[in-house]
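*Asks:* Have a look; sequence and predicted model below, questions after that.
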Amino acid sequence: MQSEIRKKMIEAFTNSDCEYLSGQHLADIAGCSRTAVWKHIEDLRKEGFEFEAVRRKGYKIISMPEHMTADKIKLGLKTAFVGRNLHYFDSVDSTQKIAQALAYENADEGTVVIAEEQTAGRGRMDRKWYSPKYSGIWMSIILRPKLPIPKAPQLTLIAAVAVVQAIEEVTGILPEIKWPNDILANGKKLTGILTELQAESDRINSIIIGIGVNVNTREEDFPEDLLSIASSLAIETGKTIVREKLIRAILEELEKLYLLYLEKGFYPIRLIWESYAVSIGKNITARTLTGEIRGKAIGITDDGVLLIEDSGGRIHHIYSADIQLNE
C-alpha cells in the first residue's frame, strides 16, 4: 500500500490542472520535508513518470509510464473514498481472496485490489474467469454498507450500472446488462461481476464486489471455447483502450451510485438498470437449481429479484439463475 505522503502528492497533482507544484507546496500538503518530496518524485520517475522541473516553479508531470501502476491509476481519480486505498499486484490467484482477507483485517471502505493477471479468477457459481495478463481489468472493491443482509444483492446491480456507464463514457459504445450482472456487446460477454458477502447473523460486515472486464483482449487471445460467447472493448471498438482511464471511470461511477443508493434507496438505481437491461420485455429461459422457467421478463423488484411472467400469467420471482434469451 502506498505511503500517506505518496497518496497526498498524487492527490495534489490530480487537482493541479497540469500546473507546476513547488516542492514546498507539496511538502506542506503531504506534511513532510522537501527532501522527502524529492525522494518520492524520484520513486515516481523510476515507475516511468516523467517530470518537468523548473526553478522557482516546481514540478509538473509531462508523461506517464506505458504499463499500469497504482500511482498511474490514482492520478486523476476523483473519488472521496473508493480507490483511495489501492493494492496493485502483477499476478495473483484471485483479487477476491486478497480483498476478503483485507476486509477481515478491517480495511477501509472503498479499498480496491487490482491485478494485471489472475491465475484462479472466479465468476458466479465458482466458474473459472479467464484473466490474461496486461489486457483486462481484474479488481475487487470492499464496501461496508449499513444494510440488512437481504439488501446485499442490490449491490451487484449497482455495480453493473456503474460499469456500463463507465464503458459508455470512455468508449462510446452502449453495452447491455443481462440479469443480474453480465455486461454484453452485440450479444457477447464483456464483463462479469461477482459479489460476495461477509456478514454476521443480522448485519453486513462487508460486501466485496469483483469486476472483470475484457478490455484489450484480442480474438486470438481467447480460448476457443470462449470465442463465440466473449468479446472485448478493443474488439468492439477497433481501438486500444486506456485501462487506467476506464478503471477511474468505474470507481467514480460506483461511488456516485453507491452514495445515491444509500441516500435515496434502490428505486432510482432500478430505473437506470432497467434502461440498460437486454432481457426486459423479452422471452427468456431461466435455469435455476430446481429446473427451468420460461416466460417474459417483466422487470425486477426493489430487491433486485427478476420477475418472469409465464404463458399462464403466473409471476415467478427469480433469485438466482442462468438466463438465456429465446428467439
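*Replies:* Looks like it arrived, so ask away. Here the structure is a predicted model, which is why all the values come from computation and not from measurement.
*Asks:* Point out where the stretch 151-300 of the chain drops to low pLDDT.
*Replies:* Along the stretch 151-300 of the chain, no part satisfies pLDDT under 70.
*Asks:* That one: helices as residue ranges?
*Replies:* Shown for the stretch 151-300 of the chain, the helices assigned by DSSP state H, counting those that start in this stretch span residues 153-171, 233-237, 243-264, 267-276.
*Asks:* Quick one: closest of those to Arg55.
*Replies:* With CB to CB as the criterion, Arg55 lies closest to helix 243-264 of those, at 30.9 Å. (Glycine included, C-beta is placed from N, CA and C.)
*Asks:* Next, give phi and psi for the residue nearest to Leu197 when sequence neighbours are not counted.
*Replies:* Here the nearest residue to Leu197 in space, its sequence neighbours aside, is Ala152; by CB to CB, 6 or more residues apart in numbering that works out to 5.1 Å. Dihedral angles of Ala152 (phi, psi; degrees, to the nearest 10) stand at phi -60, psi -40.
*Asks:* For burial, what's the neighbour tally of Ala152?
*Replies:* Using other CB atoms under 10 Å, Ala152 is surrounded by 18 other residues.
*Asks:* check contacts around Ile183.
*Replies:* By CB atoms under 8 Å, 6 or more residues apart in numbering, the contact set of Ile183 is Ala160, Val163, Val164, Ile167, Pro175, Glu176, Ile177, Lys189, Leu190, Thr191, Gly192, Ile193.
*Asks:* Turn the residues you listed into TSV, columns for neighbour count and distance to Glu224.
*Replies:* Formatted as TSV, those follow (neighbours: other CB atoms under 10 Å; distance: CB to CB, whole Å):
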residue	neighbour count	distance to Glu224
Ala160	31	28
Val163	28	26
Val164	25	28
Ile167	27	26
Pro175	25	24
Glu176	16	25
Ile177	25	27
Lys189	19	16
Leu190	27	19
Thr191	26	21
Gly192	23	19
Ile193	24	25
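*Asks:* Of these, which is the nearest to Arg144?
*Replies:* Nearest to Arg144 among the contacts of Ile183, counting by CB to CB, is Ile193 at 18.2 Å.
*Asks:* Just list whatever residues bridge to that closest one.
*Replies:* Ile211 (DSSP bridges).
*Asks:* who's in contact with the nearest residue to Leu194 once chain neighbours are set aside?
*Replies:* Among residues not flanking Leu194 along the chain, Gly210 sits closest, at 4.0 Å (CB to CB, 6+ apart). Residues in contact with Gly210 (CB under 8 Å, 6+ apart) are Thr95, Gln96, Ala99, Arg122, Met139, Ser140, Ile193, Leu194, Thr195, Glu196.
*Asks:* Tell me where the stretch 1-150 of the chain has strands.
*Replies:* For the stretch 1-150 of the chain, the strands defined by DSSP state E, counting those that start in this stretch cover 50-54, 58-63, 86-89, 112-115, 136-143.
*Asks:* Kindly reformat those as a markdown table containing mean neighbour count.
*Replies:* Below are the strands of the stretch 1-150 of the chain laid out as a markdown table (neighbours: other CB atoms under 10 Å):
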| stretch | mean neighbour count |
| --- | --- |
| strand 50-54 | 13 |
| strand 58-63 | 16 |
| strand 86-89 | 19 |
| strand 112-115 | 27 |
| strand 136-143 | 26 |
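*Asks:* Generate CSV for these, with distance to Ile250 and mean pLDDT as supplementary columns.
*Replies:* As requested, the strands of the stretch 1-150 of the chain are exported to CSV (distance: least, CB to CB, whole Å; pLDDT from 0 to 100):
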stretch, distance to Ile250, mean pLDDT
strand 50-54, 27, 88
strand 58-63, 23, 86
strand 86-89, 13, 94
strand 112-115, 10, 97
strand 136-143, 7, 96
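*Asks:* would you list the ones you listed in TSV and tack on distance to Ser201?
*Replies:* Output for the strands of the stretch 1-150 of the chain, formatted as TSV (distance: least, CB to CB, whole Å):
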stretch	distance to Ser201
strand 50-54	53
strand 58-63	49
strand 86-89	30
strand 112-115	27
strand 136-143	20
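*Asks:* which stretch among these comes nearest Ile323?
*Replies:* strand 136-143 (23.2 Å).
*Asks:* Tell me the helices and strands packed up against the closest one.
*Replies:* helix 95-104, strand 112-115, strand 204-214, helix 243-264 (3 or more CB pairs under 8 Å, 6 or more residues apart in numbering; DSSP states H and E).
*Asks:* what's the most buried one of these?
*Replies:* strand 112-115 (a mean of 27; mean count of other CB atoms under 10 Å).
*Asks:* Give me the residues contacting it.
*Replies:* For strand 112-115, contacts defined as CB under 8 Å, 6+ apart pick out 70, 73, 82-83, 85-92, 95, 98-99, 102, 131, 137-142, 247, 251.
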